[in-house]
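[1] need a 3D model of the following:
(one chain, ligands or ions: 1)
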Amino acid sequence: MDFELTPEQKAVKEMTRRFAEEEIVPLARENDRKCRFPHEIIKKMAPMGLVGGPIPEKYGGAGLDFISHAIVTEEIGRACSSVRTTLSVQVSLVELCILNWGTEEQKRKYLPALCKGELIGCFALTEPGAGSDAANQSTRAISRGDKWALNGTKTWISNAGVADIAILIARTDADTKEKHEGLTAFIIECKGKKGYSTRDIENKLGLRSSNTAEIFLEDCELPRNAVLGEVGQGFKVAMGGLDNGRFSVAAGCVGISQACIDASVKYAKERIQFDRPIGSFQLIQDMIARMVVDTEAARLLVYKAADVKNKGERSTHETSIAKYFASEAALRAANMAVQIHGGYGYSDEFPVERYLRDARVATIYEGTSEIQKLIIGRDVLGLRAFA
Ligand SMILES: Cc1cc2nc3c(=O)[nH]c(=O)nc-3n(C[C@H](O)[C@H](O)[C@H](O)COP(=O)(O)OP(=O)(O)OC[C@H]3O[C@@H](n4cnc5c(N)ncnc54)[C@H](O)[C@@H]3O)c2cc1C
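    Sure thing, here's the model as predicted:
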């Protein structure tokens, strides 16, 4: 066990930190205020290999190991969670799903363009009646001649309003014993697609410059080769995707926590009350110490999950632990960061109110904290709380 980053990982951290400080941080407040999708940032990140981190070079990626992928995601998350969410969906949910489940033809067709940021992807699992109960899919895909015809509604889908391609889960067999059976993943080339439309979800609490939308499918016809993985294996594709997506959320949350520490330490040294910097008060130091311990622990849990992923082993358990802890820790850190900033933390003059609004979703999306705990509980007890 070696707790030191390799020289390559340190270089990735430095490069991403510099990019984030120069290109993302200066725009974060304005993009948040205007709910502006960060297209131009994604375009600038791509030539640096940041939009295809863990994808092999032969498919246009940077071929990074998962610790480096976590480092990139943390640094982007430290700067702006909206950009990080966009990137997490693009890389972890879309690119890695295609890498892990796609045919050679699908990999060659989509991965290079996704890694260049020329295509934006989304991952559509959630439905109005299928949130935590993700297997309860109502969207139907019916075989019709040499095509599939899809009908249904997806909701709360990140990037959906701006996406060029969607990985979408639908029910292809309604007569299975278990509801997670009979599902299939599809790749939809959605721009201008007949029977496919979206509606943006406005006025979100946080992640305001990330796009979130509903998807409506009305007799949306797809060719046979739009299937990703095997027919009937859609739940496996989705859960494998979530293992990567949750990992990325966890790493992004370490970034939020680190941003909270950095902002709070600076402010606590500068702000004078009772003729002393507030950082000299023990109750302020208590909050900062708790943030530091939480952040360090969260980062180590993310690296542990990354280590399992680097070995090519299944990481569901380690990823759920990391996602649960890191997202709850980010929320605690952001709450304390606002407290340390006092009234000034309550307006967007300082970034901590955005950190708090952005952290809030992390214990909800890609599986709520309750669901993560039920996965961890199932693993240690051998008893399922849900099917
Ligand atoms: C900003 C944003 C972006 C998102 N992006 C995507 C995306 O890109 N793709 C996608 O597919 N989805 C996405 N989602 C959806 C997200 O994954 C779901 O919101 C999440 O899984 C929870 O589902 P739900 O909202 O239906 O809540 P519900 O499942 O209705 O849960 C409501 C509450 O009940 C609790 N609960 C549910 N079941 C249990 C149980 N068995 N035991 C204990 N408690 C339980 C939950 O923990 C929660 O507290 C996004 C959501 C948001 C807010």
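[2] the ligand contacts on this protein?
    For the chain, the residues in contact with the ligand under the definition Cβ under 6 Å from any ligand atom are 89, 123-126, 131-132, 156-158, 207, 212, 361, 364-368, 370-371, 374, 385-386. All C-beta spots, glycine's among them, are computed from the backbone N, C-alpha and C.
[3] and residue 162, what does it touch?
    Residues touching residue 162, when contacts are defined by Cβ atoms under 8 Å, 6 or more residues apart in numbering, comprise 37, 39, 120, 211.
[4] oh, I was asking about residue 257
    Taking Cβ under 8 Å, 6+ apart as the contact definition, residue 257 lies against 291, 294-295, 298, 326, 329-330, 333-334.
[5] try residue 308
    For residue 308, the set of contacting residues under the criterion of Cβ under 8 Å, 6+ apart consists of 314-315, 318.
[6] cutoff 7 Å now
    The neighbourhood of residue 308, defined by Cβ atoms under 7 Å, 6 or more residues apart in numbering, consists of 315, 318.
[7] list phi and psi for the residue of the stretch 201-350 of the chain found nearest the ligand.
    Scanning the stretch 201-350 of the chain for the residue nearest the ligand gives residue 212, at 4.8 Å (criterion: Cβ to the nearest ligand atom). Comment: the main-chain dihedrals of residue 212 come out as phi -130, psi 130, following degrees, to the nearest 10.
[8] strands along this protein, start to end?
    Remark: strands of the chain, listed N- to C-terminal, are 121-124, 140-144, 147-158, 165-171, 183-189, 196-200, 212-223, 227-228, 272-273, 276-277; assignment by DSSP state E.
[9] and of those, who's closest to residue 378?
    Proximity to residue 378 (Cβ to Cβ) singles out strand 183-189 among the strands of the chain, at 20.2 Å.
[10] residues making contact with the closest one?
    Applying Cβ under 7 Å, 6+ apart, the contact partners of strand 183-189 are 101, 106, 137, 141, 148, 165-172, 196, 222, 226-229, 231-232, 234-235, 237-238.
[11] filter those to the buried ones?
    In terms of neighbour count (16 or more other Cβ atoms under 10 Å), the buried residues within the contacts of strand 183-189 are 101, 106, 137, 141, 148, 165-172, 196, 222, 226-229, 231, 234-235, 237-238.
[12] show the pLDDT at the residue of the stretch 1-150 of the chain found nearest the ligand.
    Nearest residue of the stretch 1-150 of the chain to the ligand (Cβ to the nearest ligand atom) works out as residue 131 at 1.7 Å. At residue 131, the pLDDT value in this model is 98.
[13] most tightly packed of the strands of the chain?
    For those, the largest average neighbour count (mean count of other Cβ atoms under 10 Å) is found in strand 121-124, namely a mean of 29.
[14] got a list of what the nearest residue to residue 36 once chain neighbours are set aside touches?
    The shortest distance from residue 36 to any non-neighbouring residue, by Cβ to Cβ, 6 or more residues apart in numbering, is to residue 209 (5.3 Å). Contacts were defined as Cβ under 7 Å, 6+ apart; by that measure residue 209 touches 31-32, 35-38, 82.
[15] out of those, which end up buried?
    For these, a neighbour count by 16+ other Cβ under 10 Å gives the buried set as 31-32, 35, 37-38, 82.
[16] residue contacts, the spatially most central residue of the chain?
    The residue at the geometric middle of the chain, judged as the C-alpha nearest the mean C-alpha position with Cα atoms, centre = their mean, is residue 88 (3.8 Å). Taking Cβ under 7 Å, 6+ apart as the criterion, residue 88 is in contact with 73, 245, 248-249, 252.
[17] among the contacts of residue 162, who's most crowded?
    Ranked by neighbour count under the definition other Cβ atoms under 10 Å, the contacts of residue 162 are headed by residue 211 with 27 neighbours.
[18] for that residue, give its distance to residue 55.
    22 Å (Cβ to Cβ, to the nearest Å).
[19] any low-confidence regions in the chain?
    Scanning the chain for pLDDT under 70 picks out no residues.
[20] at 80 instead, please
    Counting by pLDDT under 80, the ranges of the chain that qualify are 387.
[21] burial measure for residue 383, as a count.
    As a burial measure, the neighbour count of residue 383 was computed by other Cβ under 10 Å and equals 7.
[22] what about it, distance to the ligand?
    Using Cβ to the nearest ligand atom, to the nearest Å, residue 383 is found at 13 Å from the ligand.
[23] give me the distance between the residue nearest to that residue when sequence neighbours are not counted and residue 28.
    What sits nearest to residue 383 in space, not counting adjacent residues and going by Cβ to Cβ, 6+ apart, is residue 377, at 7.6 Å. For residue 377, the distance to residue 28 (Cβ to Cβ) stands at 37 Å.
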